[in-house]
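> For reference, the sequence and a predicted model appear below.
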Amino acid sequence: MDQMAQTILITGASTGIGQETAKYFLKKGWNVAATMRNPDAATGFDAHDRLKLLHLDVLDTGSIDAAITATIAEFGSINVLLNNAGYGTQGPIEAASSEQIARQFDTNVTGLIAVMQAIIPHFRGNKSGTIINVSSIGGRITLPFYSLYHGTKWAVEGITESLTFELGQFGIRMKLIEPGAIATDFGGRSMDYLEKEGLDAYDDMLARFNKARDEAVKSSAAPIDVAKVIYKAATDNSSRLRYLVGKDAKLFWRLRRVFGDSFILNAVKRRLG
Ligand SMILES: NC(=O)c1ccc[n+]([C@@H]2O[C@H](COP(=O)([O-])OP(=O)(O)OC[C@H]3O[C@@H](n4cnc5c(N)ncnc54)[C@H](OP(=O)(O)O)[C@@H]3O)[C@@H](O)[C@H]2O)c1
């Protein structure tokens, strides 16, 4: 424990971007509360006196409050919240059950809001704090079959941007991290594939989409690339809101910004038929 060091609390730190970011901040001398649904099963972390592994499920407000209280008790204060926990859904929207739709929005949107609500009083009391929400380039552009996931990330974009006004007055900074494809468990255990018995009307387009996606993920960036950008967002003392990560994310956004909505929508349609 180092009461003088800055402290970050990270959600979804069991693997991928969350774990890599926890390790990076630790290396940079920060206190790290790496929270996850199942800390007893955590792998990939070495014990460290500035690292605390804590239980936090974004769907359980009691666990959010307990993790924040335990972090403040251990490290004295929290300077940065990294809202990273999340997962995706892929498939035709008509194949999604109401439970799948609710869980996608409950986790990626309502859960993210719940963690912010729990930490804002602490940041307001300190007259400082940084909330970094992990969005996606999928929060600024869209692809087929990710409609629910896009819906959550576009929501995260709007919510975070709006909060710059009401929280800015208390010295609280808002940041959005917008990665492109990153090599993590996201496309595996963190992807809920939507399927419905007898629904085959989308199969041709889905096959073309899956082929294009498999090709694209071959050039995924590494989670460390995201961790470094998150560190920059936490420490650059700027009011900058958005941070793209990865060549694909930067290209997609440049195409949309320079050529407009129709250009990028038509380009995706041409590619997928
Ligand atoms: N990889 C990409 O290509 C990519 C691109 C853009 C944005 N992102 C975003 O990056 C973030 C991290 O994903 P990742 O790529 O690092 O994938 P990952 O390795 O699969 O990590 C996802 C994390 O979210 C956690 N999580 C899921 N539901 C949770 C809940 N209810 N409460 C707490 N934690 C929960 C998982 O915990 P468990 O271990 O308990 O399942 C896991 O730690 C997500 O928000 C994702 O949308 C990823």
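Sure thing, it's come through.
> Touching, L199 and P92? I think so.
Yes: counting by Cβ atoms under 8 Å, L199 touches P92, with 6.7 Å between them. All C-beta spots, glycine's among them, are computed from the backbone N, C-alpha and C.
> higher neighbour count, these two?
The neighbour comparison of L199 against P92 (other Cβ atoms under 10 Å) goes to P92, with 18 against 13.
> Isn't that one up against Y202?
Yes: assessed by Cβ under 8 Å, P92 is found in contact with Y202 at 4.5 Å.
> Show me what the longest strand anywhere in the chain is packed up against.
Longest strand in the chain by number of residues (criterion: DSSP state E): strand 172-179. Here strand 172-179 touches helix 111-126, strand 129-134, helix 147-168, helix 223-235, strand 242-245, helix 247-259, going by 3 or more Cβ pairs under 8 Å, 6 or more residues apart in numbering; DSSP states H and E.
> ok, then the element right after it?
Scanning forward in sequence from strand 172-179 by DSSP states H and E, the next helix or strand is strand 191-193.
> which helices and strands does the helix or strand where A67 lies pack with?
For A67, the element it lies in under DSSP H and E is helix 61-75. For helix 61-75, the contact count by 3+ Cβ pairs under 8 Å, 6+ apart identifies strand 7-10, strand 31-36, strand 51-55, helix 111-126 as packing neighbours.
> mind giving me TSV with those and columns for mean pLDDT and mean neighbour count?
Listed next are those as TSV, based on pLDDT from 0 to 100; neighbours: other Cβ atoms under 10 Å:
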stretch	mean pLDDT	mean neighbour count
strand 7-10	98	27
strand 31-36	98	28
strand 51-55	98	19
helix 111-126	98	18
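> now these in TSV, with distance to T164?
Formatted as TSV, the helices and strands packed on helix 61-75 follow (distance: least, Cβ to Cβ, whole Å):
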stretch	distance to T164
strand 7-10	20
strand 31-36	24
strand 51-55	28
helix 111-126	13
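> I'd like to know how many residues surround L148.
If you count neighbours by other Cβ under 10 Å, L148 ends up with 21.
> and the helices and strands packed on strand 172-179, which is most packed in?
strand 129-134 (a mean of 24; mean count of other Cβ atoms under 10 Å).
> quick revisit: any chance of CSV for the helices and strands packed on helix 61-75, columns distance to the ligand?
Formatted as CSV, the helices and strands packed on helix 61-75 follow (distance: least, Cβ to the nearest ligand atom, whole Å):
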stretch, distance to the ligand
strand 7-10, 9
strand 31-36, 6
strand 51-55, 9
helix 111-126, 6
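> Could you pull up phi and psi at the residue of the stretch 51-200 of the chain found nearest the ligand?
Distances from the stretch 51-200 of the chain to the ligand, computed as Cβ to the nearest ligand atom, single out G86 as the nearest residue at 2.6 Å. Per-residue torsions, G86: phi 170, psi 170 (degrees, to the nearest 10).
> how many neighbours does it have?
By other Cβ under 10 Å, the residues close to G86 number 26.
> Alright, I will stop here.
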